[in-house]
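1. quick one: sequence plus predicted model below, questions after.
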There are 2 protein chains.
Amino acid sequence: MSMTIKKATWPIAKDLAFDINNKANAAIEKYGRENVINAALGTLADDSGKIIALDSVYDRLSQMDRSIIASYAPIEGEDGFREAVLDSLFENHRPKAFMTAISTPGGTGAIRSGVFTYADEGDPVLSHDYYWGPYKKICDEFGRDFITYNFFTDDYKFDIEAYKAAMAKALENKDRLVSIINSPGNNPTGYSLSDDEWDEVIKACQDLAIAGKKITLIVDVAYIEYAGSGKQKEFFEKFTGLDPNFFVIVAYSMSKSHTAYGLRSGAAIGISSKKEIIDEFENSLAHSARCNWSNGVHAPQLILKDLENDKDGYKKELENLRLMLEKRAEIFVREAKAKKLAMIPYFGGFFTFIPTDKAFEIAENLEKENIFTIPQAKGIRVAICATNEKDIIKLVDRLSYFMANL
Amino acid sequence: MSMTIKKATWPIAKDLAFDINNKANAAIEKYGRENVINAALGTLADDSGKIIALDSVYDRLSQMDRSIIASYAPIEGEDGFREAVLDSLFENHRPKAFMTAISTPGGTGAIRSGVFTYADEGDPVLSHDYYWGPYKKICDEFGRDFITYNFFTDDYKFDIEAYKAAMAKALENKDRLVSIINSPGNNPTGYSLSDDEWDEVIKACQDLAIAGKKITLIVDVAYIEYAGSGKQKEFFEKFTGLDPNFFVIVAYSMSKSHTAYGLRSGAAIGISSKKEIIDEFENSLAHSARCNWSNGVHAPQLILKDLENDKDGYKKELENLRLMLEKRAEIFVREAKAKKLAMIPYFGGFFTFIPTDKAFEIAENLEKENIFTIPQAKGIRVAICATNEKDIIKLVDRLSYFMANL
């Protein structure tokens, strides 16, 4: 007995991060916030565990005319929002290229439309083998062929040889691929590609494009504002002079950068050396927008636009958040070192990552002590964004205990 | 030169309603609001042309804790929201059936996931031949076969024979179909199916389901709160005792009922006589949610939940809006009658409709006089939701002039 079509029929599978977060919240309800460590969901929380909402963002929401909040945004997004996305994302590191931004619900919508529009059914979509789960799920949803390659060399550098080999193999019988790279401040690992590594990635894509393959690179930068103090945007300039067969989409999200997770606002930015490639990107993504969510949430678009004209307050708040996160990461690294716990190098973002093949077993034991983390095939993800310094010390202690004793 | 896959490549096609609305706004900017009639976009405006935002809704937004607004909603939606959707939608006319509601961005997301999940590529998706444009666009996006049938008999009743014939023909070589009906307060016509007409629709679907065909009926009720004073919900009770092959999805939207267009909140409600059909609906729609928009906007979900516990103020505001709209419709009907302008019977909703095969020519001439309407293949749609009584009189006068003189 089934009504759904086969391709849209899925087993019951609660989303892991949201499901564990629900368990953590139930534990908080039962035992009190001070007795639970919720290092599961990627949301910035202050030291008392309360989700942080930036004044510069939410003051503007409070002051906005209600009939404006109520009104529809244009399908592609407010013009001023679309410009503000480019300005706030690239700052002084714009690539010299044709570009446009189309509003999407968070980064998810941008990745979804990139995969849907630039890979056909059965076409390869590549990502590193530590990855945000929805990448694979999106490929399942649309029948795209999700393929992973080895992310890191033994000394935790980006494994460019594995990347090149995976692209070559994927293109043996195909003439196009989509590649998703989540950097800087990778989720789940905290890793950021260096400028040299970006050079190698771009050269590998360029070579294939020049040879006639259609290469679309989606760069998921959800955590970019928490991954260094300015330098982390320099790699954008490298997307200059791309072969016309090499197209770049940057998946932009206001969720983390503006503490606006629940307002669902983001954008897909297309970057190409050809104007016509940008025009068709705009048409296709507007078509997808109209057919999936119609248009974006209006208020956050107007907030971003307004912030671009008066950003000092926002910049100061953001810098404080970045420093809070940096401090927590330092403590995590220090404690892990003291406990001889191996971790993937942290450069930024909301998470640290402990590689282990016993992740699910360890996470289960941690849960019994009301410590909630996200176990994955290759290790344990710890949301330092949501965990205060005292709790980080305790968490690393218990994590290292179970690592040694299971 | 193209990077997009063929199936996701679309000609430049501005969305008509949003595009004409942009033109209207430009005219208002240039000539002043009092010299422009914007009867294009489906948004309730007061007599001065300002978009209405209900206090009962937006007071709650103002009072909401910022860290709650900032936080993520669960993928399927807050439990309390999902219950509130069923309560506020059905009131005391619940079908006796298994049901669940999944959060979607407006009604669009619900229709999108209904079409995506219950019709495969090439499968028929039927609608009446006056229809909301995105129905066809969604089918184009996903390669579903959009088919229309004659909506009205000569005396403007629902053409049940045309509906049955279209379903029979569509199923000649197919074993499933999706049917979309937008009632009550149809967009663009203002038509509502009578209870007898619903009986006939349901019997036609039941007969096919009993014969082994899989029939999914999507009922788009975006305008239901503006289509009568209570009676318009009685037909929901008829979705009781459906054959297991007959599945109903109600596309629910907060856009119109809560003046929350720009907050993008709605739901898909599945109705079946079998629990397992509802379970697979929930799994599939949650999968689609995670892969397309991740989760819904949090604040409106919590507002709906809160309103269900304390709805008097909201109900009163809504009733005033309904009466405002009813009054405008009465004047439109009266003026049209005086000018001998034929129109489709109006039962509710945001629009009235004048059938003509010269719609585009007439609309163009109206635009020259700063009167903005939406021309369609079968006639002209007038957004009485956005037009005050004085402007309606002028609009009907000029419309009838061009009807007679072009």
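-> Nice, thanks for sending it over.
2. tell me which stretches of the stretch 101-250 of chain A form strands.
-> Assignment of strands within the stretch 101-250 of chain A using DSSP state E, counting those that start in this stretch yields the ranges A:124-128, A:145-149, A:176-182, A:214-220, A:246-253.
3. nearest to B:Gln206, out of those?
-> Taking C-beta to C-beta as the criterion, B:Gln206 comes closest to strand A:145-149 out of these, the separation being 40.6 Å. (Each C-beta comes from the backbone N, C-alpha and C, glycine too.)
4. quickly run through the sheet partners of that closest one, with directions.
-> With DSSP bridges as the criterion, the sheet partners recorded for strand A:145-149 are strand A:124-128 (parallel).
5. including distance to A:Arg82 and mean neighbour count, could the strands of the stretch 101-250 of chain A go into a markdown table?
-> As requested, the strands of the stretch 101-250 of chain A are arranged in a markdown table below (distance: least, C-beta to C-beta, whole Å; neighbours: other C-beta atoms under 10 Å in any protein chain shown):
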| stretch | distance to A:Arg82 | mean neighbour count |
| --- | --- | --- |
| strand A:124-128 | 26 | 24 |
| strand A:145-149 | 30 | 18 |
| strand A:176-182 | 23 | 24 |
| strand A:214-220 | 18 | 25 |
| strand A:246-253 | 11 | 26 |
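6. in CSV: those, plus distance to A:Ile392.
-> Converted to CSV, the strands of the stretch 101-250 of chain A look like this (distance: least, C-beta to C-beta, whole Å):
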stretch, distance to A:Ile392
strand A:124-128, 26
strand A:145-149, 29
strand A:176-182, 23
strand A:214-220, 26
strand A:246-253, 25
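7. so which of those strands comes closest to A:Ala26?
-> The stretch from the strands of the stretch 101-250 of chain A with the least distance to A:Ala26 (C-beta to C-beta) is strand A:246-253; that distance is 27.7 Å.
8. helices and strands around that closest one, which ones?
-> When contacts are defined as 3 or more C-beta pairs under 8 Å, 6 or more residues apart in numbering or on different chains; DSSP states H and E, strand A:246-253 packs onto helix A:79-90, helix A:106-118, helix A:195-210, strand A:214-220, strand A:266-272, helix A:275-292.
9. any chance of those in JSON lines, plus distance to B:Thr189 and mean pLDDT?
-> Compiled in JSON lines, the helices and strands packed on strand A:246-253 are given as follows (distance: least, C-beta to C-beta, whole Å; pLDDT from 0 to 100):
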{"stretch": "helix A:79-90", "distance to B:Thr189": "33", "mean pLDDT": "97"}
{"stretch": "helix A:106-118", "distance to B:Thr189": "32", "mean pLDDT": "98"}
{"stretch": "helix A:195-210", "distance to B:Thr189": "50", "mean pLDDT": "98"}
{"stretch": "strand A:214-220", "distance to B:Thr189": "42", "mean pLDDT": "98"}
{"stretch": "strand A:266-272", "distance to B:Thr189": "35", "mean pLDDT": "98"}
{"stretch": "helix A:275-292", "distance to B:Thr189": "21", "mean pLDDT": "97"}
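10. among those, which comes closest to A:Lys337?
-> Nearest of these to A:Lys337, taken as C-beta to C-beta: helix A:195-210 at 24.5 Å.
11. which other helices and strands contact that closest one?
-> Identification of packing neighbours for helix A:195-210 by 3+ C-beta pairs under 8 Å, 6+ apart yields helix A:160-170, strand A:214-220, strand A:246-253.
12. so the longest one, near chain B or not?
-> No - in terms of C-beta under 8 Å from any C-beta of the partner chain, no part of helix A:160-170 sits within range of chain B; the closest distance is 15.7 Å.
13. now do that helix: everything it contacts.
-> In this structure, residues lying in contact with helix A:160-170 by C-beta atoms under 8 Å, 6 or more residues apart in numbering or on different chains are A:124, A:126, A:128, A:145, A:147-151, A:177, A:179, A:197, A:200-201, A:204-205, A:208, A:215.
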